[in-house]
Structure formats: structure tokens, C-alpha cells
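A.B. asks: Predicted structure and sequence below. I'll ask about it afterward.
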Amino acid sequence: MGPIRIAIAGVGNCASALLQGLSYYGKLRPDRNTGAVLNGSAGLLHPVLGGYVPSNIRVVAAFDVDARKVGKPLAAACTADPNCTTQFAKQLLPSSVKVRMGPVLDGIARHMRRYPVSRTFVVAKARAVDPARVLRDTGAEILLNYLPVGSQRATEAYANACLDAGVSLLNCMPVFIASDPRWAARFAKRGIPLVGDDVKGQVGATILHRTLARLFLERGASIDRTYQLNVGGNTDFLNMLNQERLKSKRISKTEAVQTALPKRLRTSEIHIGPSDYVAWQHDRKVCFLRIEGRGFGDCPIELDVRLSVEDSPNSAGMMIDAIRCLRLARDRGLSGPLLSVSAWTMKHPPKPMGDEQARELVESFIRGASDR
């Protein structure tokens with residue numbers, strides 16, 4: 001299979017984890033007879049997806065606005081401050097890509113300037129490039145949007161660049177593009193497939209919350225109220241201390257749980273979202289989850305769970321599949337949002353559905369039995 005040429009907007013922890021993953025799983029090769037990969041694929045849901053393995057994915061362009069990353073080789077930018085994710089790969093794959101200056105717009109929250117420079121952003125004194133032109137010149141097929149939460153205008157600028165360049169958008173953050181009918185229609189009209197919005201971790205707070213809620217309901221219990229509180233120490237959590245920038249994130253995470261319930265909880269009965277920033281946790285996210293409900297005879301049931309994960313690799317575990325699904329869509333000439341892939345990999349998809357249904361439809365899509 002040929003290379004899958006991707007570009008990345010935002011060379012932060014998530015980008016670092018994904019690029020490490022491409023190196024970590026870079027030696028996987030499918031068996032010539034069966035197409036299966038038997039060894040060295042732990043942590044991957046699909047070692048082979050539609051014939052594509054992780055080593056098919058190649059980064060051809062990257063954008064950022066931080067002085068410690070702009071103009072630097074991609075490998076150096078991935079380990080530069082303020083990145084703090086775990087280094088699970090010995091080294092990244094060789095790459096000639098250098099990080100280009102992207103448009104700043106609303107990509108940086110003002111309150112971040114109050115924190116130590118090693119933990120926040122230092123805006124590069126460079127002229128922003130035209131993202132659409134770079135995407136065309138490098139032959140990128142898919143752009144991953146890893147911008148900070150709250151970057152509405154900046155995300156829309158990259159979405160427009162994708163439309164101009166004929167590039168698919170994989171929208172990993174909660175500015176609603178794939179789930180906005182107006183944006184979805186624009187991509188469909190241009191004949192471009194996309195996936196979004198707001199990545200759902202491989203084994204993260206959202207999928208755990210949805211699974212436990214479904215367990216209550218499938219066993220005949222009711223849910224009266226629930227919360228999910230998340231704390232972490234990466235710049236994503238630092239950025240989200242600004243409540244104005246957090247609005248779309250709260251909507252995304254709350255809807256991801258509400259849509260798993262047959263009857264929506266009242267706003268006063270559900271609270272979900274990032275709650276605080278603890279610098280020494282670095283890229284480790286800790287989730288505190290509680291569900292209160294009733295069982296037989298209306299007797300109370302209370303469930304408390306603590307989940308601790310390395311945040312960015314948890315994201316990359318889903319994106320490595322979403323990238324390959326988008327390439328399959330492009331191979332097949334599809335356009336507009338991929339509904340099943342978005343529902344399986346994202347918190348705020350265009351069409352919410354149960355996780356088992358989404359997974360079954362994704363498997364059908366991979367086999368070519370479904371075009372969505």
C-alpha cells in the first residue's frame with residue numbers, strides 16, 4: 001500500500017505521542033498470505049486496517065506558533081517545552097519536515113502568559129505561512145487538528161485551508177466542524193471526507209463513563225445523577241483553566257455521556273469536564289467518576305471509579321486508526337463526514353450512536369461493506 005501523507009496543526013503532546021507510535025509500530029508488516037500481524041502489535045486495535053499498517057503514515061508538514069518549535073526539525077519540536085508526554089519510543093523516524101509558523105488568531109489563551117515560560121507558549125517572531133499552499137505543495141492528504149481547546153477561529157482557518165487544498169480534516173479537538181451541518185456540507189460539496197469532532201481516548205474517561213452508564217441500564221438499574229472530574233498537568237489542562245475556552249469541551253464531553261442514555265439527565269444532575277491543572281502530573285490525566293442510581297426496589301447504588309492514563313498516547317491509539325480510515329475513504333472517492341468512524345473515535349460526532357453499533361459499522365466500513 002502507498003504512503004498516507006499527513007500534516008499536523010499543533011506539535012504538542014498528542015502529536016508527539018502519535019509520531020512516537022509510528023516509530024514504535026514501524027516494523028509491523030502484514031503476513032503475505034493472511035494479511036495479519038501476529039507480533040509486536042499490542043496497543044493497536046487494528047494492526048492492519050484495509051491493508052494499511054502504521055508505517056504507511058508519513059508526516060509531510062507541520063504547523064505551530066511556539067518559538068521553541070517553529071523552524072525546528074519535527075523530531076526536535078516534539079520533545080521541546082512545553083511538551084511533557086512520556087517518551088515510549090527510543091527515537092522518531094527520520095524526517096526532513098520542519099515546523100512552519102501557522103496563523104495564531106485565537107490559538108493562545110491570554111491567561112497562559114502568567115505561568116512559567118517552560119510550561120506555556122512563547123510566540124515565534126515569524127510570518128505565518130499560508131496553510132492551504134503548504135498542504136498543496138507537500139501533497140498532504142489529511143490534516144490532523146491538534147490546536148488548543150477554544151481555538152475557534154484558528155480551527156476554522158485550517159478547515160478552510162483543507163477545503164482550498166482538497167485535504168481531509170481529522171478534527172481532534174472540540175471546535176465543531178464535522179458535527180456542524182454547514183461545515184459538513186461544504187466538505188461534501190468539495191468531495192472531501194472528514195472525521196470529527198474531539199478525539200475519544202482509547203481507554204479514557206469518556207468511553208469508561210459511557211460503558212458504565214450502559215451497564216447500569218442493561219442490568220435494569222436507573223441513573224439519577226453522575227459526574228466526571230478530570231485533572232492533569234499538560235498544557236491542555238492549563239489552557240482549559242479559562243472557562244470561556246472550555247465551553248465547547250464541556251458540551252462535547254457531556255453530550256458523549258448524555259447520548260449513551262435512553263433519557264437525558266437534567267443539567268443539574270450531570271457534571272462533566274476538566275476541573276483543574278496540577279503541573280506535576282505532566283501528561284498523566286486522572287479521572288474521578290461517580291454514578292448514583294437505583295436498583296431493585298429503588299434501593300440505592302453508588303459507584304466511584306478512579307482512572308489514571310497517559311493522556312496523549314491514549315488519544316493516539318484512536319487516531320492511528322482514524323487516519324487509515326480516512327485514507328480508505330479517499331481511495332473510495334467518498335465525501336463528507338464518516339459517520340461510523342466519527343462515532344467510534346470522537347466525543348461529538350455528527351451522528352451519535354452506541355459504541356458497539358459504532359464499532360460494528362466501522363468494521364463494516366473497513367471491509368468495504370459500508371460507505372459511512
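C.D. replies: Looks like it arrived, so ask away.

A.B. asks: Look at stretch 176-186 and report the distance between its end residues.
C.D. replies: With Cα to Cα, to the nearest Å as the measure, the first residue of stretch 176-186 is 14 Å from its last.

A.B. asks: Same question for stretch 62-74.
C.D. replies: Stretch 62-74 has an end-to-end distance of 8 Å (criterion: Cα to Cα).

A.B. asks: Now do it: distance to the chain's middle.
C.D. replies: 20 Å (Cα atoms, centre = their mean, to the nearest Å).

A.B. asks: Same question for stretch 335-342.
C.D. replies: 15 Å.

A.B. asks: can you check stretch 338-353 too?
C.D. replies: The chain centroid and the centroid of stretch 338-353 are separated by 12 Å under Cα atoms, centre = their mean.

A.B. asks: likewise stretch 55-73?
C.D. replies: How far stretch 55-73 lies from its chain's middle: 17 Å, per Cα atoms, centre = their mean.

A.B. asks: do the same with stretch 127-147
C.D. replies: Put simply, stretch 127-147 sits 18 Å off its chain's centre (Cα atoms, centre = their mean).

A.B. asks: in it, what's buried?
C.D. replies: For stretch 127-147, burial by neighbour count (16 or more other Cβ atoms under 10 Å) applies to 128-129, 131-132, 134-135, 138, 140-147. Where C-beta positions appear, they are placed from N, C-alpha and C, glycine not excepted.

A.B. asks: Show only the entries of those residues found in strands.
C.D. replies: Cross-referencing the buried residues of stretch 127-147 against strands under DSSP state E gives 142, 143, 144, 145.

A.B. asks: Pick out whichever of those sits closest to residue 123.
C.D. replies: The shortest approach to residue 123 among these belongs to residue 145, at 19.2 Å (Cβ to Cβ).

A.B. asks: and that closest one, what does it touch?
C.D. replies: For residue 145, the contacting residues are 9, 10, 155, 158, 159, 169, 170, 171, 172, 173, 175, by Cβ atoms under 8 Å, 6 or more residues apart in numbering.

A.B. asks: With residue 97 instead?
C.D. replies: By Cβ under 8 Å, 6+ apart, the contact set of residue 97 is 59, 60, 61, 62, 73, 74.

A.B. asks: Check it and give its pLDDT.
C.D. replies: At residue 97, the model reports a pLDDT of 97.

A.B. asks: same deal with residue 32?
C.D. replies: 62.

A.B. asks: again with residue 116
C.D. replies: 67.

A.B. asks: Let me know the next secondary structure element after the host helix or strand of residue 215.
C.D. replies: Assigned by DSSP states H and E, residue 215 belongs to helix 205-218. Using DSSP H and E, the next helix or strand after helix 205-218 towards the C-terminus is strand 222-232.
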